[in-house]
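A.B. asks: Sharing a model that was predicted from the sequence below.
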Amino acid sequence: AKTAGRRGERFFTNEMEAQLEARHTLEADLRKAVANHEFELNYQPLFDIGAQRICGFEALLRWNHPTRGRVSPVEFIPLAEELGLIVDIGRWVLLQACTDAAGWPEDVKVAVNVSAIQFTHGNLPEDVSTALTTSGLAPARLEIEITESVLMENREEALPILHALKQRGLRVAMDDFGTGYSSLSYLSSFPFDKIKIDKSFVTDIVENREAFAIIRAIILLGDALGMRVTVEGVETGEQLALLEQEACDEIQGYHISPPRPLADVPKLLSGSWET
Ligand code: C2E
Ligand code: CA
Ligand code: CA
Ligand code: CA
């Protein structure tokens, strides 16, 4: 039994060492990635149901690693937050997204994700102003996406920051709505222009009456509070058909298009998403 125990420990240790080493390599690579221009933004359409057209795009960060290929943001953004690199990366994302969007038609918006550390420890309102001035993008065309957990972690600071952003004329959206722990009353105490209902709520709406009842209730809540309502993760025409009967303003998801490189934006706007 002793031998087995030791072997068990040894195995565990080796695995931990390997994980640590992999992490250190990724860490070192991530530090270099900013300087080496390994980041790229992809754009996923926001589809306006009422107007039946694409009304904007969400900027989604991609890391093209020199040897590992594409690393998912789910993997490297938490690491970038821990290392404090997210503030610099986030600044780059803001400026790049605004610069790209300045080249689109004037009625097309751009949505940018902001992480917790960027929200509080950077100087977000100032970074936003810089990005807008440098790019020449009209403030009303920029939307900042913030998750519920960001608000929960920074209750005190959140409100003044949100107001500062809104004072600059841009819009703020609550991202991944329904996945956090905030009480519903939070929704009315923060000046959000939009809620983005998390994709987990749309998955079963065609097959499951209860799932549909839940998403309907969330849509109604957002609508009653005067916010624009976006449903994320719409993958099929059947899902869209159900949402079209509700007070849902916009959808986003593979049914319209997955995130695409900047070069594909004109093609998406010209309507080839209808295939
Ligand atoms: P998110 O902000 O909720 O972005 C939506 C995610 O859902 C994207 O994953 C997108 O590719 C994916 N998605 C879109 N439509 C569908 C669909 O129909 N079905 C399914 N299953 N998924 C869909 P992605 O690009 O891997 O990004 C993951 C997360 O990484 C984002 O979630 C966001 O939290 C974070 N992220 C991405 N870019 C940035 C950034 O520039 N800054 C920060 N702070 N976070 C970012
Ligand atoms: Ca988002
Ligand atoms: Ca989301
Ligand atoms: Ca509405």
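C.D. replies: Nice, thanks for sending it over. Numbers count the residues shown, from 1 in each chain. Ligands and ions are numbered 1, 2, ... in the order given.

A.B. asks: Does the longest strand along the chain reach ligand 1?
C.D. replies: Longest among the strand segments of the chain by residue count, using DSSP state E, is strand 53-65. Yes. Against ligand 1, strand 53-65 shows contacts by CB under 6 Å from any ligand atom at 60-61. Just so you know, the C-beta spots here come from the backbone N, C-alpha and C atoms, and that holds for glycine as well.

A.B. asks: Leaving out chain neighbours, which residue sits closest to Ile164?
C.D. replies: One correction, residue 164 is Ala, not Ile. Nearest residue to Ala164, sequence neighbours excluded (CB to CB, 6 or more residues apart in numbering): Pro125, at 4.0 Å.

A.B. asks: what about the one you found, helix or strand, and which?
C.D. replies: For Pro125, the element it lies in under DSSP states H and E is helix 124-135.

A.B. asks: roughly how far is that helix from the heart of the chain?
C.D. replies: 19 Å (CA atoms, centre = their mean, to the nearest Å).

A.B. asks: does any bit of it sit next to ligand 1?
C.D. replies: No. Helix 124-135 stays clear of ligand 1 (CB under 6 Å from any ligand atom), getting no nearer than 11.4 Å.

A.B. asks: residues of that helix that come out buried?
C.D. replies: By neighbour count with 16 or more other CB atoms under 10 Å, helix 124-135 contains the buried residues 124-125, 127-129, 131-132, 135.

A.B. asks: same deal with stretch 216-233?
C.D. replies: Going by neighbour count (16+ other CB under 10 Å), the buried part of stretch 216-233 is 216, 218-219, 221-223, 227-233.

A.B. asks: want to throw those into JSON lines with distance to Ala97 and pLDDT?
C.D. replies: Shown next, in JSON lines, are those (distance: CB to CB, whole Å; pLDDT from 0 to 100):
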{"residue": "Arg216", "distance to Ala97": "32", "pLDDT": "97"}
{"residue": "Ile218", "distance to Ala97": "27", "pLDDT": "94"}
{"residue": "Ile219", "distance to Ala97": "27", "pLDDT": "96"}
{"residue": "Leu221", "distance to Ala97": "29", "pLDDT": "93"}
{"residue": "Gly222", "distance to Ala97": "24", "pLDDT": "94"}
{"residue": "Asp223", "distance to Ala97": "28", "pLDDT": "95"}
{"residue": "Met227", "distance to Ala97": "22", "pLDDT": "95"}
{"residue": "Arg228", "distance to Ala97": "19", "pLDDT": "97"}
{"residue": "Val229", "distance to Ala97": "23", "pLDDT": "98"}
{"residue": "Thr230", "distance to Ala97": "17", "pLDDT": "98"}
{"residue": "Val231", "distance to Ala97": "22", "pLDDT": "98"}
{"residue": "Glu232", "distance to Ala97": "18", "pLDDT": "98"}
{"residue": "Gly233", "distance to Ala97": "21", "pLDDT": "98"}
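
A.B. asks: just to revisit the earlier point, possible to save the buried residues of helix 124-135 as TSV with pLDDT and distance to ligand 4?
C.D. replies: Formatted as TSV, those follow (pLDDT from 0 to 100; distance: CB to the ion, whole Å):
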residue	pLDDT	distance to ligand 4
Leu124	94	26
Pro125	95	27
Asp127	96	29
Val128	97	25
Ser129	97	29
Ala131	98	28
Leu132	98	26
Ser135	98	29
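
A.B. asks: Tell me the one of those residues nearest Leu243?
C.D. replies: The closest of the buried residues of helix 124-135 to Leu243 turns out to be Val128 (CB to CB; 30.8 Å).

A.B. asks: How about the contacts made by the closest one?
C.D. replies: Residues near Val128 by CB atoms under 8 Å, 6 or more residues apart in numbering: 94, 142, 144, 165, 168, 170.

A.B. asks: Would you mind giving me the ChimeraX syntax to select the buried ones in these?
C.D. replies: Only the buried entries of the contacts of Val128 go into this ChimeraX selection, using 16+ other CB under 10 Å:
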select :94,142,144,165,170
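
A.B. asks: Among the contacts of Val128, which ones are in strands?
C.D. replies: Judged by DSSP E, strands contain the following of the contacts of Val128: 142, 144.
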